[in-house]
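Undergrad: Could you look at this predicted model? Sequence included:
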Amino acid sequence: TSTFTFNHVTWYAGSMTITYQFRVANTTLGGFVKLLGMWKGSVYKLVYKEMIIFALLYAAISLVYRLGLNEQQRLIFESIVLHCNNFTSLIPVSFVLGFYVTMVVGRWWQQFINVPWPDRTLYLMCCYLQGKEEKPRIIRRTVARYMMFGLILICRSISVAVVKRFPTLDHIVEAGFITSEEALLYEKVDCKYNKFWVPLMWANAVLAHARKEDHIKTDWGLRMVIEAIADFRDRCSLCFVYDWITIPLVYTQVVTLAVHSFFLTCLIARQFLDPTKGYANYEYDMYVPIFTLLEFFFYMGWLKVAEQLINPFGEDDDDYDINWLLDRHWAVAVTLIDEMCGDFPPLIKDPTFD
Amino acid sequence: TSTFTFNHVTWYAGSMTITYQFRVANTTLGGFVKLLGMWKGSVYKLVYKEMIIFALLYAAISLVYRLGLNEQQRLIFESIVLHCNNFTSLIPVSFVLGFYVTMVVGRWWQQFINVPWPDRTLYLMCCYLQGKEEKPRIIRRTVARYMMFGLILICRSISVAVVKRFPTLDHIVEAGFITSEEALLYEKVDCKYNKFWVPLMWANAVLAHARKEDHIKTDWGLRMVIEAIADFRDRCSLCFVYDWITIPLVYTQVVTLAVHSFFLTCLIARQFLDPTKGYANYEYDMYVPIFTLLEFFFYMGWLKVAEQLINPFGEDDDDYDINWLLDRHWAVAVTLIDEMCGDFPPLIKDPTFD
Amino acid sequence: TSTFTFNHVTWYAGSMTITYQFRVANTTLGGFVKLLGMWKGSVYKLVYKEMIIFALLYAAISLVYRLGLNEQQRLIFESIVLHCNNFTSLIPVSFVLGFYVTMVVGRWWQQFINVPWPDRTLYLMCCYLQGKEEKPRIIRRTVARYMMFGLILICRSISVAVVKRFPTLDHIVEAGFITSEEALLYEKVDCKYNKFWVPLMWANAVLAHARKEDHIKTDWGLRMVIEAIADFRDRCSLCFVYDWITIPLVYTQVVTLAVHSFFLTCLIARQFLDPTKGYANYEYDMYVPIFTLLEFFFYMGWLKVAEQLINPFGEDDDDYDINWLLDRHWAVAVTLIDEMCGDFPPLIKDPTFD
Amino acid sequence: TSTFTFNHVTWYAGSMTITYQFRVANTTLGGFVKLLGMWKGSVYKLVYKEMIIFALLYAAISLVYRLGLNEQQRLIFESIVLHCNNFTSLIPVSFVLGFYVTMVVGRWWQQFINVPWPDRTLYLMCCYLQGKEEKPRIIRRTVARYMMFGLILICRSISVAVVKRFPTLDHIVEAGFITSEEALLYEKVDCKYNKFWVPLMWANAVLAHARKEDHIKTDWGLRMVIEAIADFRDRCSLCFVYDWITIPLVYTQVVTLAVHSFFLTCLIARQFLDPTKGYANYEYDMYVPIFTLLEFFFYMGWLKVAEQLINPFGEDDDDYDINWLLDRHWAVAVTLIDEMCGDFPPLIKDPTFD
Amino acid sequence: TSTFTFNHVTWYAGSMTITYQFRVANTTLGGFVKLLGMWKGSVYKLVYKEMIIFALLYAAISLVYRLGLNEQQRLIFESIVLHCNNFTSLIPVSFVLGFYVTMVVGRWWQQFINVPWPDRTLYLMCCYLQGKEEKPRIIRRTVARYMMFGLILICRSISVAVVKRFPTLDHIVEAGFITSEEALLYEKVDCKYNKFWVPLMWANAVLAHARKEDHIKTDWGLRMVIEAIADFRDRCSLCFVYDWITIPLVYTQVVTLAVHSFFLTCLIARQFLDPTKGYANYEYDMYVPIFTLLEFFFYMGWLKVAEQLINPFGEDDDDYDINWLLDRHWAVAVTLIDEMCGDFPPLIKDPTFD
């Protein structure tokens, strides 16, 4: 049974997200080193442009110092270099990055965990709103569609990728999540704020109607599903809040300023000076500042971690693939509430039943 | 359909809060650098006044040293500068700011997440207290109004902006959240402590009354709504607690003292000394202490992050716009529980229904 | 309406707790600097005694060095000073304080958030145990009184201030929370452990009795209130646990030892040495060691943050005012469950009802 | 009423746990300094043996250097000392300890908070399974006994102290928690994994039986108690998980290695060298390395914090006293569900009832 | 009773996981030092291969310097060494590792805590779906089997060890969790995404069927079990999410890069130079760089902590033994819901019943 094969690559085939942990399932020689060779979603891909600019600027200044200055100018330049070098040790780049990135990562994870999944509601609905006839099937499908519609509406407000997929209501109609009549009704609701709650409200009303017509047999059943939808809605709200209230701009600016002013200073401070002049720590001229470049990779990469995660629903290599998730939800929903709802294998004694 | 366009600027148009993450949705060349150019809610706007004062003081001291002192006095001044310079390395400004700001940011987020939203209650009420007749509509609207009134009362105790909008009860009456009779009854309740719970108590009583008159059909229904309001009230309480119990004054003072004594010392320690005297690390006279100013921007900006977030309901550029939120809640509430309550599109087979 | 005026000072008038965030609602020039001038609950008030002792000891040693030692002794003293000075850089005071204070602050906040509020129970009781007749009123008041009694019992075990207010059961009787018969019955319960759960058990039994006599109409109602009291009791338990299991003594000792040995060493290491001898970093004699004193303020103040928060229910300026909270709970309870229970304004159409 | 006196010493009299926060209830002069004098549960008690060994080794090396080496050997020794001294600054002991101890402390607290208390279940049972006749009393007592038995079984798997108290089933029988018939039935359950869930399963069955025989009047009642026991069981599971999955050995080894290699190096690096040779930072010979010993106290004590907390259910001075807690639970349980179950003082008007 | 003996070694006999905390139950002399001697799951085992490679490279470079270079080349080499040595202090390895490992450890623990246990569901089912006849027994066993099947399906997607045990559906059939008919039906469900929810859906349908046939007597009963299964399913989903969304590759790469570039630099920077040349900090030639090797052990071990925990379901010594857990669940399930379901010892008065 081929689909049963354990294969991460196949598994998340449709998904952009970078998964690499199966490569480091066991701790072996090398370990994380293997990961250094990946390109997609890698620090190199994120940093290389800045790196090239940095290297070019560095080279330009170096050439001016080596070829363009006379002895007098060189002395001035050298004293500026020494002065700058003092300063680089005054910026606690690693410290500020450590605290900032920890906060961003924490928020990033909360944000993903919070994206609502329709599964629980669908499960409960299958259990309490049974029947293979047309009416219950329509009701179950309608509720599922409205939940998907609400989810798409909220995702549009947080993810550029979803906006690109569904730029207008017509695209959602076309994808089959709503009919054009429903789109019209949605448009008619007069509220200038985000209206993701409209289809969820419909779902509620549909379920109350189903209870009245006795498709849902008990108040228990109604309550279980209504509560699951209310939780779903709360999480949609929270998605909205996460998007509305971001990490304060001031904090981000302070960190960015620290890292960039550090490297601007390094452009001068890390120039190799004439070794014959015997400046402390400038005894050797390697021409290529490999250690400064490593530092650049390291710190700038750390900052890029934050940059990538601060808006986790963008289109970066490592961002969540919300569109993949939407597809998954709909495919599962259809199977769950329509095709196999209420089915179960015949109840037989299992082999060890004595 | 224009309102459907993805546009953060429109989206939160009424809101003061700074949202910038859509600018960094994708990690690109530059990335956060783009954010350095923003003014509203920026570190520059917060720090520039202190910066000017700092720069003027620095210049004054510099001028005195360069022009006003004789050689003997200069020697004394120089030894003071060297002594101060030692001290600047003894203050762990970055360390104490890292821990303090992390705590403040954590609290700030908890505080916002905790602000109660009436949505869940309204949803459940729509489901269990149906009917388009006058009485149920009045009941639903009344409960919504009382929840808004309770929320405004608690917001007034935590946010200056809300106090400015609703300085007296009359303003709340005028805004239509309560009638003047209700205002009178509210005033009559004799309790010297914050009375935000009075309208919520009324809402409870109204709902119990609605159950008796059978507008709510089941005990289930009553319980669902009552519980949602109880949760709403708990969160109002917590808002009050967050406002009552702040980060201990001592901690804030210690951090403020550290940062400010650091920069007071810098005023002297970072003066450029006569390079001809060959003091270590004072070999070059740049006249303008750009690195010290950068440090000022950096550390003072970090402190301002805390200053801005410690009272997140003020009127800073980056504070939550509670008034915007109140407007949103009321607009949504009216649509939700009055205009579209119980409506849903006709139940039809969707396109993929086979 | 004067009581409606926004005024923190009035608001928490009865409360000892220091609230200062309304002073920094908006980020302005100065900002936190304004807070440096506060005395009550300030770092100065907490530290000044230690400061005076430190300064006197420093002065004594300084005088001995300057006046009491001959040249030979001075040389020995100077080498001891230099040796000590090396050591001061070996103690990571800021590091250990950062981690320790973060932990203490986290625990402090959890502890306060956990103190149970009776409000939720009273709300639900009002909703499910209605009636203005004598019997239901007595029942509601009795349950409220028993909850207050349980709360006082648990608070007595964690807060010195509450013990001072209610040193014996008679004081609680006098305050009207229980009658002397109830006090007698409480005493008769034979259990050598904290008996805060006895009145809560009574409240349970009273409610079960009320259900039997049909004052509570439904099992739903009973369950809602019973569950709220069970939650109340769980939180009382947790208060007890927080008080029983403290931050391990070892940790507190390690931190205290680090800070105090640091400053004991500073007494010698930071003495000004004869500048003419040219010891590095001892070039200038300022007589008054202002930077060392600033460090003292800073680090000792940081430690005091922990000291103040480790037992948040004491009588420090910045401790929670539990007694104020108890008064508030009782005042609210009486209004809530007796005076206005079941009342609500007449149900009318609000102005925007169309 | 003597038992009412506020007295921590009496309060936790039976408990080994160190409680000290009542000593620092108010921030006073001295503050934490008072705690430095405590011996039980102190850092001194934990560290003094290692300290003596360290001091002896240090003295031995010192004596060899001072008395046993010729001039040539001394020079080699001195260069080794200088080399070692460089290294001591390369180990970030404080950093790694800060992160590690923070993690251990967090886990320690979670672990304690998680230990299940039977109180909630007993409360609810008292409310829904009333009656002073023999049968309900037996049922309530049986459920309580089974919960205690389950708790003891899980505690035995995590705490050496509990194993010592109840080394065999017979000891539990003797203590009266189960009868010998029950012990026999327990033994007969054939499962090679921890069987703490067996008595809890019995409790469930007893309650279901009680519902059938109408001792529990409503399905509500059954559900409330069953759910409370299910929560109790979940927490027992979690205790097991906390014990099964510990902080990874690698992490503990890394930290231990860092601290111990640091102090092994210090044995050599911190030797006082002949001051006449003028090595930098070795100008003064104090014979007794008090600062190194202080560092030892400090860092080793910090590590001991982790060592003590990593297994919080051992027999250290500062470990939780699980046996005390078991006694407390049983004493409270008997009073709660047997002696005073269903009792409440006569319902009368309280003094302020108007 | 031998199985009652407290013995961690026996207890977790079937489990690979390393448990060591019973060795440090009490804080004694030595304490953690004892742990340094463990090999299985130790830092040595994880690091020794890298260590050997590092040592060989170091030796090779050392030999070249000592034997292969002429005086001119040596001078160049020495200046390179000094230059590199400067750089090693610029990489904040400990800082970045501290933050990164803290994050990884936090996530690791969340991930384990989240793995769903079937116990709660089985408990509740035993209570509400009683009966020793064939039909209820079959139903209970079937639900348990389906839960195990769902758990295995989700575990296969996150753990290599489980894939190895159950490479195909046939292996699961063989192990007795499902029959071949059920396997066939599972295969027939057409959905390209992970289908772990299919058996859980079946379990739901079986329970709804059991309610209809009155094996479950009340709606309460159905709801309790359905809700427990819904929670079980939610946790399965979360397992999937934890596996899908990992710590961003960029962060892992940045940390790996930092540590490895640090040690690559150390290969050169920590070479012993000719002591006669008097380079500062290179005064002594120890031939074997024990301190550098210690640093290697320390930092590389710290990184290995992360490497081991980032995929906690692999086959490392310290990974969770999911297969052991699956065996445990099934063994407990069979005993719980089949053998002893509904049994309880005769209800008798316990010894202290008076």
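TA: Good, I have the coordinates. Note that the coordinates shown come from a computational prediction; the quantities given were computed from them, not determined experimentally.
Undergrad: Just give the number of residues close to the one residue in the stretch 201-350 of chain A that gets nearest to chain D.
TA: Using CB to the nearest CB, the closest approach of the stretch 201-350 of chain A to chain D is made by A:Trp220 at 11.4 Å. Heads up, the C-betas are built off the backbone N, CA and C, glycines and all. Applying the criterion other CB atoms under 10 Å in any protein chain shown, we find 17 residues in the vicinity of A:Trp220.
Undergrad: Can you name the residues that contact it?
TA: For A:Trp220, the contact set (CB atoms under 8 Å, 6 or more residues apart in numbering or on different chains) comprises A:Tyr128, B:Trp220, E:Asp219, E:Trp220, E:Leu222, E:Arg223.
Undergrad: Low-confidence ranges, the stretch 151-300 of chain A, go.
TA: Within the stretch 151-300 of chain A, no stretch has pLDDT under 70.
Undergrad: any idea which helix or strand comes after the helix or strand where A:Glu227 lies?
TA: When secondary structure is defined using DSSP states H and E, the element that contains A:Glu227 is helix A:219-244. The first helix or strand that comes after helix A:219-244 along the chain, using DSSP H and E, is helix A:249-269.
Undergrad: Point out the other elements, helices or strands, that the helix or strand that that following helix is followed by touches.
TA: Stepping forward along the backbone from helix A:249-269, the first helix or strand reached (DSSP H and E) is helix A:290-309. The criterion is 3 or more CB pairs under 8 Å, 6 or more residues apart in numbering or on different chains; DSSP states H and E, and the helices and strands that helix A:290-309 contacts are helix A:43-63, helix A:93-114, helix A:249-269, helix E:71-88, helix E:249-269.
Undergrad: buried ones in the first one?
TA: Residues of helix A:43-63 classed as buried under the neighbour-count rule (16 or more other CB atoms under 10 Å in any protein chain shown) are A:Val43, A:Tyr44, A:Lys45, A:Leu46, A:Val47, A:Glu50, A:Met51, A:Phe54, A:Tyr58, A:Ile61, A:Ser62.
Undergrad: Report the separation between the nearest residue to A:Ile226 once chain neighbours are set aside and A:Ala210.
TA: Counting by CB to CB, 6 or more residues apart in numbering or on different chains, B:Cys127 is the residue found nearest to A:Ile226 once chain neighbours are left out, at 5.5 Å. Plainly put, B:Cys127 is 12 Å away from A:Ala210 if you go by CB to CB, to the nearest Å.
Undergrad: The helices and strands packed on helix A:290-309 into a markdown table, with extra columns for distance to B:Asp338?
TA: Written out in a markdown table, the entries for these read as follows (distance: least, CB to CB, whole Å):
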| stretch | distance to B:Asp338 |
| --- | --- |
| helix A:43-63 | 50 |
| helix A:93-114 | 30 |
| helix A:249-269 | 38 |
| helix E:71-88 | 69 |
| helix E:249-269 | 49 |
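Undergrad: wait, which of those is closest to C:Tyr186?
TA: Ranking the helices and strands packed on helix A:290-309 by distance to C:Tyr186, with CB to CB as the measure, places helix A:93-114 first at 45.9 Å.
Undergrad: what separates the residue of the stretch 251-354 of chain A found nearest chain D from chain E, distance-wise?
TA: Here the residue of the stretch 251-354 of chain A nearest chain D is A:Asp354; by CB to the nearest CB that distance is 13.0 Å. The span separating A:Asp354 from chain E equals 9 Å under the rule CB to the nearest CB, to the nearest Å.
Undergrad: now that residue, what's its secondary structure?
TA: Secondary structure of A:Asp354, reduced to three states by DSSP: H, G, I helix; E, B strand; the rest coil: coil.
Undergrad: And it, what's its pLDDT?
TA: Here the pLDDT value assigned to A:Asp354 is 76.
Undergrad: Same check on A:Asp318?
TA: A:Asp318 is assigned a pLDDT of 60 by the prediction.
Undergrad: Can you name the residues that contact A:Asp274?
TA: With contact set as CB under 8 Å, 6+ apart, A:Asp274 has these partners: A:Arg74, A:Glu78, A:Asp285.
Undergrad: and the gap between the last one and chain E?
TA: Spelled out, it's A:Asp285. A:Asp285 sits 9 Å away from chain E, going by CB to the nearest CB.
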